[in-house]
Structure formats: C-alpha cells, structure tokens
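Student: Predicted coordinates and the sequence they were generated for:
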2 protein chains.
Amino acid sequence: MTNTTSEAVVLLSGGLDSSTALAIAREQGFNCSCLSFSYGQRQERELAQAEIIAARAGVSRHLILPVPLDRIGGSALTADIAVPKDRTGPEMDSGIPVTYVPGRNIIFLSLALAWAEVIGASDIFLGINAVDYSGYPDCRPEFLSAFEQMANLGTRAGSEKKPFTLHAPLIHLSKGEIIKKGLELGVDYSLTHSCYDPAEDGACGRCDACRLRLQGFAEAGLPDPVRYRETR
Amino acid sequence: MTNTTSEAVVLLSGGLDSSTALAIAREQGFNCSCLSFSYGQRQERELAQAEIIAARAGVSRHLILPVPLDRIGGSALTADIAVPKDRTGPEMDSGIPVTYVPGRNIIFLSLALAWAEVIGASDIFLGINAVDYSGYPDCRPEFLSAFEQMANLGTRAGSEKKPFTLHAPLIHLSKGEIIKKGLELGVDYSLTHSCYDPAEDGACGRCDACRLRLQGFAEAGLPDPVRYRETR
C-alpha cells in the first residue's frame, strides 16, 4: 500500500499509540501533517514529546492548537478530579473511567477534519485502540464509522471532492502488538509520554495509562525505556 | 411542548438566527446554557452582542470558548480572503461560498456536545436554516441526523443515559419567517449582529449575511433595526 503523494493528518498526542500511528501512516507513504492539542490536560508535557517526535519523523507540518477543554471540565484529566491509581485489569475494564474527557475524540477529529479540508488531505490517522481503552465510547469502531459518515456530509471536500477516510490502524491491536509493530518501524518509545499524572522525576507508573503501557512492554518482552518515579 | 426542568445548550453567535433559536428553546421550557466561540472570526464583535442577548434572556450560563480556527484558516471569515459583496440571489445560490469555514458547525457542535455531557443537558439548539445557507454542507438536515447518530455512539451520556437530540427549529423557515417568529417571542433584533465585515459605523449591508438579513426584513415587511454604514 504505497501512495507517495497523498496528504494525511495524524492526531499526535505524544503518546505511544499516536506515535505508532504516525509511523504506520508514513510507512503507507502519506505526507503527514501532525495535529496536537493543548487542551488544559494534566499531562501537558506530552506536547513537548509530540514536538520532538514530529520533528524526528520529518513531518510536513505540526500544528499545536489550544482548545481549552478545562473550561468545560468533567474529567480527571482536565478538572480537579483525582487520577485513579493502582487499578487492576478488571477494575479498568469496568465502565467508563473518570479520565474520560467528554467529547474529546469528537472535538479532536472535528478539528483534524477542518485542517484536512484546508490542506487538501483526505486521510486522518488516529492511534485509538479498542483493546486497552475499551471503556471509552469515542474509541469504538462503530463511532469511527459514524464520524466518517457525518464528516462526509458536513464538509465541502467530503461532499464534493474525495470522501474522508479515518484510519485507526491500531484498533484491533493489543498494547504489546502495538509496541512490536512500532519497533519494527523504528519508533523510539523513549520519546513517548503516556502518564496521566507526570512529575519532573518521571511517570507515576500507577495510573491506567502507565499500567497499560507497562503491561504492553511486559507482553512484548521488553523493558519500557521511559523513567518512572515510584516503586511499582 | 413544555418541559420546565430540562437543560439545553444553545449555540449563540449573536446573530439573528441563533438569537431566535434561543427564544424558541426558552419558549419550549428549557433551561438554556449558551455557548459562543471566539474563533478568530472577522466579525468578532458579534460576541459582545451574544453576551447582551444571553444576559437579557436570563440564561443559566454563557460560556465563550476560544477556539483559534484562524490558525486553520481556509475561509474568508478566518483568513485573509475578501468577503464577497453585492452578490445577487442566484450568485449566492451557486455553490459553497468562500465564507464557508471548514468544519465550523462540526467543531461547534462537538464542543456543545462535550459541554452538554458535563452539565447534564441532552438537548442542543442551533439556528441553522437550510433556506438561506443552502450552500453550506454543515447546515443540511442529513448532516444533523448523522451528527446526532455519531454523538450518541461517541459519548458516555449518549450511549449510557439519554440520547442527545439536536434541535434546528429554523431549518425549514425563510429569513422573513424567522424574524416574524422571533418578534412573536420578543426577540430584540436591534441587539443582533449579522454582518461578515462590520466596522465601527455599522454593518456593511453588502455581504451575503447582510443581504439575506435585509431581504428577510423586507419579506417580513419591517425595517431592520441595526445600523448600516453604506448606501445600499
């Protein structure tokens, strides 16, 4: 699947998944423009990593857009709600967590869509995966199909020119499989940031994002190259 | 249709249509929370009007969210592209105008949806109408249905609790009919702002928004109470 001229917008948080999605989009031959958001997230330091990752990948453009979702609130990532720690697998599987940010993927995809329309891209990549974030409604395949349909009705480019396609190449992969795939493609995971509750001396190692990441590296049989501040 | 306890989010630009949509939502008994956007629009002074309109209506909340769509560009309203003037009806009907802002309604509805989820509202009102903005793909009824479906798959509230409903009460009304309806409900149109290219001494009277507004008042057999700066 090589397409050397098509433009794609890649949602890049600076985390493990979106960095892998970027590598996959590049492998598929897309000219990638990365889009990140400063949305009042607790883990805002992920943006510095996103900048490094985009620069190393030599992408055409990297836009960091401020969208103050903290003024909307309603999530442990954007409001004064504690980030859950030390949750076990069954706990993580039980319902939608408080780290769910209302409407986040819908908002991010909408902005990606607008930018794609302006720069002439018909393809949008995002690193969501159904396996580890089974609790998030905006990571489900049926949501993605519905978004695509809506996008093609609600935009000039989608309705008049070429329809938009959302690519979620990780959606059926486990964290371990994502890491293996990324390593094959040369992703440097030491640059990626996953922790929901980071500090100067490293990732917490105890939030859902850290735990899923660590499980993924364990599954892949590899050490996680990022620094953790607490004994796990 | 009276529902004295339900919460609704109303997208309020400060223009004629959204001000009328707000009056209709209030007539239907909703507790209204208004959402406006500072998106780098040329006609940013509409926001001051939105504040006055929301305050006069005594709404529960009014949130003005900055979303810098001018960093995405691609429209005469957000980039350095001239606003068309003196276009006739057939010209206005021919295709999507340069004042189309890529993804705007999708982005605004996504943010409204997020806020609705946080404040516990299941109803979202917007003042789009198919008649005068027939050129905008994100004002079509089929787009709204697709958005609603996507919203209910992609949010916690929509998928677990009560589905979201989008209300576009003006969608089949002409500008004249909208004005008549608003006047019945006590809307003060002297407070509303429509012009795409305003200046200190008034609205231009020549952009599509002014022309459609003036046609609407003519259709309703009434003078437009706002000030125009140029001889029309």
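Tutor: Structure received. Numbering: from 1, shown residues only, chains lettered A, B, ... in the order given.

Student: all strands of chain A, in order?
Tutor: Remark: strands assigned in chain A by DSSP state E are A:7-11, A:31-38, A:61-66, A:123-125, A:165-167.

Student: so where's chain A shaky on pLDDT?
Tutor: Within chain A, the stretches with pLDDT under 70 are A:1-4, A:94, A:130-135, A:230-232.

Student: picking that back up, dump the strands of chain A to CSV, plus distance to chain B and mean neighbour count.
Tutor: For glycine as for every other residue, the C-beta is placed from the backbone atoms N, C-alpha and C. Below are the strands of chain A laid out as CSV (distance: least, CB to the nearest CB, whole Å; neighbours: other CB atoms under 10 Å in any protein chain shown):
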stretch, distance to chain B, mean neighbour count
strand A:7-11, 11, 25
strand A:31-38, 9, 23
strand A:61-66, 6, 16
strand A:123-125, 12, 24
strand A:165-167, 11, 17
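
Student: can you list those strands in CSV and add distance to A:K175?
Tutor: Output for these, formatted as CSV (distance: least, CB to CB, whole Å):
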stretch, distance to A:K175
strand A:7-11, 18
strand A:31-38, 21
strand A:61-66, 25
strand A:123-125, 18
strand A:165-167, 19
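
Student: of those, which approaches B:S60 most closely?
Tutor: Nearest to B:S60 among the strands of chain A is strand A:61-66 (26.2 Å), distances taken as CB to CB.

Student: residues making contact with that closest one?
Tutor: Strand A:61-66 has contacts (CB atoms under 8 Å, 6 or more residues apart in numbering or on different chains) with A:12, A:33-39, A:47, A:50-51, A:54-55, A:111, A:115, A:119, B:66, B:68, B:71-72.

Student: ok, A:F37 - contacts?
Tutor: Applying CB under 8 Å, 6+ apart, the residues near A:F37 are A:13, A:64-67, A:108, A:111.

Student: May I have the beta-bridge partners of it?
Tutor: Beta-bridge partners of A:F37, counted by DSSP bridges, are A:L65.

Student: do you know how far it is from B:R140?
Tutor: 28 Å (CB to CB, to the nearest Å).

Student: show me the contacts for the residue sitting furthest away from the middle of chain A.
Tutor: Here chain A has its C-alpha centre computed as a mean, and the residue farthest from that point, by CA atoms, centre = their mean, is A:E160 with 29.0 Å. Contact analysis of A:E160 by CB under 8 Å, 6+ apart lists B:I96.

Student: What distance do you get for it to A:M150?
Tutor: 16 Å.

Student: Equivalent analysis for A:S122, please.
Tutor: For A:S122, the distance to A:M150 equals 15 Å [CB to CB].

Student: give me the number of residues near A:P225?
Tutor: Per other CB atoms under 10 Å in any protein chain shown, the neighbour tally for A:P225 reads 11.

Student: Go ahead and confirm it touches A:S190.
Tutor: Yes: with contacts counted by CB atoms under 8 Å, A:P225 reaches A:S190, the gap being 3.7 Å.

Student: one step back: in the contacts of A:F37, find the pair that's most separated.
Tutor: Distance extremes for those: the farthest pair is A:S13 and A:P66 at 14.7 Å, using CB to CB.

Student: Buried residues, stretch A:48-59. List them.
Tutor: Neighbour counts over stretch A:48-59 (16 or more other CB atoms under 10 Å in any protein chain shown) mark A:49-51, A:53-54, A:57, A:59 as buried.

Student: by contact count, what packs against the longest helix belonging to chain A?
Tutor: Secondary structure of chain A per DSSP state H: the longest helix is helix A:104-119. With contacts taken as 3 or more CB pairs under 8 Å, 6 or more residues apart in numbering or on different chains; DSSP states H and E, helix A:104-119 sits against strand A:7-11, strand A:31-38, strand A:61-66, strand A:123-125, helix A:141-154, helix A:156-160, helix B:104-119, helix B:141-154.

Student: let's go with 6 Å and repeat that
Tutor: Applying 3 or more CB pairs under 6 Å, 6 or more residues apart in numbering or on different chains; DSSP states H and E, one finds that helix A:104-119 contacts strand A:7-11, helix B:104-119.

Student: circling back: okay, the contacts of A:F37 in JSON lines with distance to B:L77 next?
Tutor: Listed next are these as JSON lines, based on distance: CB to CB, whole Å:
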{"residue": "A:S13", "distance to B:L77": "29"}
{"residue": "A:I64", "distance to B:L77": "23"}
{"residue": "A:L65", "distance to B:L77": "17"}
{"residue": "A:P66", "distance to B:L77": "19"}
{"residue": "A:V67", "distance to B:L77": "18"}
{"residue": "A:F108", "distance to B:L77": "22"}
{"residue": "A:L111", "distance to B:L77": "16"}
